[in-house]
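Trainee: got a predicted structure plus its sequence, pasted below:
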Amino acid sequence: MPKSYLSFLFLCFSSVIFSQNTITIKGKILEKNTQVPLESATVYLSSVIDSTVIDYTITDKNGSFLIKTKKITIPVFLKISYIGYQTYKQELQSIAEDKDFGVLRLAENSNVLGEVTVKSEAPPIRIKKDTLEFNASSFKVRPDSNVETLLKQLPGVEVSPDGKITVNGKEVNQVLVNGQPFFDKDGKIALQSLPSDIINKVQVSDTKTKKEEITKQAASSDKASINLTIDEDKNKGLFGKFMAGYGSDDRYESSALINYFKKKRKISVLASSNNINSTGFSMDEVFDNMGGGRNVSYYYNNDGTYGIGAMRFGGNKGITRSNMLGANYADEWFKGFESNGSYFYSSSNSKNTNRTNQINLLPTGNLTTVSDSRTNEDRYGHNVNLNFEYKIDSTSTLSVSPKFLKANNKYSVNSSQSSIDGSNQLLNDNTSNTFDENDKTNFSNSINYNKAFKKAGRYINIMVEHENEKELANSSNESVSRFYQNATPDDVRNQILKNRNLKDVYDGEIEYAEPLKDSMNVTLGTYWRREKSSENRKTFDFNAASQSFSDDNPALSYYLFSNIKMVTPKAGFSINKKRLNFNFTGGTTIVQQDNFSEYLGNNVSLNRNYIFPFAMAYGNFKLGKSKSIWLNYNYEVNLPKAEQLLPVENLADPLNTFIGNPNVDLIKSHSIYGHFSDYDYATRSGYTIFYSADLYDNQIVSSTTFDASGKRTTTYENIKGNVDSWFGGNWNKSYKKDAHVFKIGVGCNMGYSKSEGYTNGQTFEASAFQITPRVNFTYEYGELLTINPSYSVASSKTDYSNYVIESSSNVLHRFNLQTTTYWPKNWVFGNDFGYTFNSRIADGFKKDFYLWNTSLAYSFFNKKFTAKVKVYDLLNQNQSATRTITPTMIRDEENVVLKRYVMFSLTYKIEKFAGKEKPSRDRFRMF
């Protein structure tokens with residue numbers, strides 16, 4: 001039997017071998033005067049010598065606690081901490097056997113208003129009203145770890161391989177540093193780049209809007225927010241990281257981030273450049289920016305582009321070369337006036353080769369389109385985000401948040417496609433060369449003013465926002481479309497299209513709140529909105545005589561204009577108690593929508609007036625300190641767009657014509673969301689159950705007609721009764737035994753949707769069900785080894801009516817194994833192995849592939865420098881073949897991906913605080 005296998009078995013079963021050293025410590029905490037159990041009191045053991053935390057737990061709803069730990073042979077303190085009560089402390093010379101402390105009583109601290117924290121005795125976890133606070137120094141991480149690594153050690157906090165963070169089942173959508181955004185509120189840069197050693201507290205609370213923050217209302221969101229507070233002695237200094245790498249096939253990566261903190265002033269500058277599809281700021285300790293199962297620090301948009309914050313950096317399809325420069329600034333200019341701002345410049349180039357096989361589902365037979373394309377895209381962007389908040393006095397606050405975006409996009413594509421029917425008869429084919437250039441300027445601002453009065457809960461809040469956008473889009477199109485099954489003439493084009501799109505939105509709200517009693521408020525308010533938008537398209541054909549694009553093409557030229565005026569008077573009430581928060585708001589929306597079009601010499605005015613109800617309600621019921629139920633309901637009404645209403649033919653695509661329908665009505669839907677979560681800090685386990693549904697009273701859907709040669713004409717119709725829903729849950733637990741830590745997570749997401757629509761004048765129905773169970777396991781052996789296998793299977797099936805096929809399905813298996821060893825000293829060896837199997841993809845597309853990334857790093861000069869050698873796609877099997885199923889089509893496609901390359905990189909780290917280099921700091925020492 002191989003030695004490595006024997007070693008692995010030894011590590012897995014060592015917790016059983018050492019079980020004889022385990023002791024159990026238990027007891028019960030009561031309030032001294034009332035004898036009421038104290039739930040969520042922090043009970044922990046710390047060393048008498050240096051106050052190092054040895055182990056901890058949280059009391060349950062009965063006030064009971066239970067700690068299973070290793071025999072302790074040194075003097076320790078048993079400490080009990082609870083907000084508003086005197087800290088209990090008992091010294092023990094050792095704990096060599098099970099011990100029951102019985103009933104322990106805490107006395108209320110009558111001399112303290114709020115809370116006094118003794119820094120040397122801070123408990124690992126503290127629950128303060130609606131905030132869950134972790135003491136960072138109580139949790140063990142390697143000295144050179146980043147904040148994301150610290151979060152992974154916190155009980156109830158889960159960080160998925162794609163970077164999604166949840167706390168007790170709630171998704172985190174905002175990360176702040178000392179209460180301010182760090183480049184952007186999503187916090188990706190902060191989590192990946194800030195060293196964990198500078199963090200003092202990790203504070204978790206419900207995410208609030210700016211209005212809710214200022215008015216001190218309960219959060220209307222079920223999402224969570226993390227605030228990272230920095231140690232006093234680390235809040236003045238300079239620190240950063242510089243990395244550069246070069247590899248085979250001319251692959252390269254580089255990134256730099258430098259931070260200067262001085263009390264409330266924070267200045268950060270970052271830069272990056274690479275051609276490996278990365279934003280450059282993952283700063284993963286093992287793989288830097290190299291993609292893989294563990295390293296996805298950016299988000300993906302529906303159009304395939306990716307980025308951080310509001311910035312996009314190319315597509316997830318093909319090979320992307322990107323560059324970025326950014327700066328972040330935060331300060332308190334004078335007492336009560338806080339400022340925060342960030343700037344990004346980005347540029348990227350993406351090249352891709354695509355192969356697609358698409359089946360369009362029809363009542364009388366399917367239409368199959370095979371296409372190939374080569375694309376080249378350049379993106380450039382400037383993005384400025386500012387936020388100013390001024391506390392005028394103790395009762396008045398003014399917040400101003402302007403944003404500016406300047407973006408340019410150039411996109412060229414060379415493509416060919418052909419379509420056949422169910423009898424393999426050729427219907428049409430097309431070849432084209434197109435070039436699009438888009439230039440966009442966007443400026444928006446949000447102003448919020450709040451005035452509170454002497455009576456608690458009484459306030460007046462005024463909000464004014466605007467958004468102004470200008471978009472210039474120029475396109476050139478040289479294409480030939482041929483039709484074979486009817487008398488439709490071939491469509492030959494050599495033309496340019498010039499678009500000028502404008503949008504101006506102004507909206508505002510005024511709200512007055514009056515408390516009826518301590519726990520109930522009523523609100524009266526009015527919301528108004530004014531939105532103007534226009535699209536002006538001019539098309540010019542190529543004139544062979546003048547060798548210029550000078551011939552007007554009126555059939556492809558038009559002008560659309562829309563003017564929307566909306567006002568919503570509303571009223572509501574809220575109940576805010578210790579365990580219950582509930583809010584209801586209702587009103588009536590009055591809308592005037594004026595639409596105008598000019599096309600082929602015909603001017604059409606289409607004016608609509610609407611009156612419809614507005615209603616929303618949300619509530620949170622806390623069954624315990626970490627157990628809660630969240631419910632949300634919205635009745636939403638949305639207006640049809642001008643292009644869906646006005647009878648203008650959009651002939652830009654020679655194979656698909658779009659035309660509006662003046663008879664389409666409003667989109668009306670009911671949105672329901674429910675969420676239940678429970679986390680037990682004593683056993684370090686928790687679970688979450690969730691459900692969401694959109695029920696449509698009325699929906700606008702596409703209605704497409706295919707002619708004999710497969711040419712499509714699409715208009716819009718209303719459908720009632722469509723449903724889109726998802727539901728599921730997850731469970732996780734962690735267990736620690738000596739130097740061994742075991743974490744397991746199990747989850748399942750499910751979705752159901754019912755979609756009706758029109759194809760060739762007939763109604764179809766598609767019922768889709770998806771289920772994605774997943775499981776992951778993590779084993780950590782001290783600071784030496786981490787093993788993380790995970791598996792998921794995504795299964796989907798769609799049943800159709802009134803199509804020639806009855807159903808379609810797909811099953812996608814994903815397995816991933818991540819291992820990291822931190823031995824010998826200063827060496828890090830990481831492996832990220834993944835296997836993907838797509839069972840139902842069409843013939844001609846590869847069904848499965850392996851992706852294995854590996855990295856070996858060595859740190860030297862007191863870990864200031866790190867040299868790495870990394871191999872991406874070691875087996876040279878990476879691919880991108882996907883299947884997409886919708887109610888009207890099945891699409892299989894393949895795109896170019898990064899293949900095997902070797903990268904050598906060098907990282908330099910600087911950390912100096914208060915004029916001195918940062919010393920190392922031990923955390924959570926185990927005895």
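Mentor: Ah, there it is.
Trainee: make it CA atoms for all contacts and neighbour counts henceforth
Mentor: OK.
Trainee: pLDDT weak spots in this structure?
Mentor: Filtered on pLDDT under 70, the chain yields the residue ranges 1-21, 52, 110-121, 161-162, 279-285, 291-316, 625, 682, 914-927.
Trainee: just the helices in this structure please.
Mentor: 3-17, 147-152, 188-193, 210-215, 642-645 (DSSP state H).
Trainee: which secondary structure elements does the fourth one contact?
Mentor: Translated: helix 210-215. If contacts are counted by 3 or more C-alpha pairs under 8 Å, 6 or more residues apart in numbering; DSSP states H and E, helix 210-215 sits against strand 426-452, strand 459-483.
Trainee: just how off-centre is the shortest one within its chain?
Mentor: Centroid separation for strand 459-483 versus its chain: 24 Å, with C-alpha atoms, centre = their mean, to the nearest Å.
Trainee: and that strand, which strands flank it?
Mentor: If you go by DSSP bridges, strand 459-483 pairs up with strand 426-452 (antiparallel), strand 491-517 (antiparallel).
Trainee: possible to save these as CSV with mean neighbour count and distance to V36?
Mentor: Shown next, in CSV, are the strands paired with strand 459-483 (neighbours: other C-alpha atoms under 10 Å; distance: least, C-alpha to C-alpha, whole Å):
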stretch, mean neighbour count, distance to V36
strand 426-452, 19, 36
strand 491-517, 17, 27
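Trainee: rewinding a little: switch the helices and strands packed on helix 210-215 over to JSON lines; also include distance to N826.
Mentor: Output for those, formatted as JSON lines (distance: least, C-alpha to C-alpha, whole Å):
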{"stretch": "strand 426-452", "distance to N826": "48"}
{"stretch": "strand 459-483", "distance to N826": "52"}
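Trainee: between the ones you listed, which one is nearest to G381?
Mentor: Counting by C-alpha to C-alpha, G381 lies closest to strand 426-452 out of these; the figure is 9.3 Å.
Trainee: T369 against S418, yeah?
Mentor: Yes. T369 is in contact with S418 according to C-alpha atoms under 8 Å; the separation is 5.6 Å.
Trainee: higher neighbour count, the two?
Mentor: Neighbours were counted for T369 and for S418 using other C-alpha atoms under 10 Å; T369 has more, 21 against 18.
Trainee: which residue comes closest to that one once chain neighbours are left out?
Mentor: Leaving aside its sequence neighbours, T369 sits nearest to S419 (C-alpha to C-alpha, 6 or more residues apart in numbering; 4.3 Å).
Trainee: so K317 makes contact with E893?
Mentor: No. Using C-alpha under 8 Å, K317 is not in contact with E893, being 10.8 Å away.
Trainee: and N862, how far from K912?
Mentor: For N862, the distance to K912 equals 14 Å [C-alpha to C-alpha, to the nearest Å].
Trainee: which one of the two is surrounded by more residues?
Mentor: Using other C-alpha under 10 Å, the more surrounded residue of N862 and K912 is K912, with 16 against 8.
Trainee: what bridges to that one?
Mentor: Assigned bridge partners for K912, using DSSP bridges, are L238, E917.
Trainee: including distance to I629, could the strands paired with strand 459-483 go into CSV?
Mentor: As requested, the strands paired with strand 459-483 are exported to CSV (distance: least, C-alpha to C-alpha, whole Å):
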stretch, distance to I629
strand 426-452, 30
strand 491-517, 24
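Trainee: compare these and give me the one nearest I719.
Mentor: The closest of these to I719 is strand 491-517. By C-alpha to C-alpha, the value is 28.9 Å.
Trainee: off-centre distance for the closest one?
Mentor: 24 Å.
Trainee: ok, stretch 204-221 next?
Mentor: 19 Å.
Trainee: for that stretch, output the C-alpha coordinates as PDB.
Mentor: The C-alpha coordinates for stretch 204-221 follow below in PDB (Å, rounded to 0.1, in the frame of the first residue of the first chain):
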ATOM      1  CA  VAL A 204     -22.400  41.300  10.800                       C
ATOM      2  CA  SER A 205     -25.800  43.000  10.500                       C
ATOM      3  CA  ASP A 206     -28.700  43.200   8.100                       C
ATOM      4  CA  THR A 207     -28.100  45.200   4.900                       C
ATOM      5  CA  LYS A 208     -29.900  48.600   5.000                       C
ATOM      6  CA  THR A 209     -30.600  51.200   2.300                       C
ATOM      7  CA  LYS A 210     -29.200  54.700   2.900                       C
ATOM      8  CA  LYS A 211     -32.700  55.800   3.900                       C
ATOM      9  CA  GLU A 212     -33.000  52.900   6.400                       C
ATOM     10  CA  GLU A 213     -29.600  53.700   7.900                       C
ATOM     11  CA  ILE A 214     -30.400  57.400   8.300                       C
ATOM     12  CA  THR A 215     -33.900  56.900   9.700                       C
ATOM     13  CA  LYS A 216     -32.800  53.900  11.800                       C
ATOM     14  CA  GLN A 217     -35.500  51.700  10.400                       C
ATOM     15  CA  ALA A 218     -35.400  47.900  10.400                       C
ATOM     16  CA  ALA A 219     -33.800  46.500   7.200                       C
ATOM     17  CA  SER A 220     -36.200  45.700   4.300                       C
ATOM     18  CA  SER A 221     -33.600  43.200   2.900                       C
END
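Trainee: show residues contacting that stretch.
Mentor: Stretch 204-221 is contacted by residues 130-133, 167, 173-174, 222-227, 397, 448, 450, 452, 459, 461, 576, 581, 618 when judged by C-alpha atoms under 8 Å, 6 or more residues apart in numbering.
Trainee: stretch 872-882 now?
Mentor: So stretch 872-882 is in contact with 290, 838, 841, 845-847, 849-854, 892-902, going by C-alpha under 8 Å, 6+ apart.
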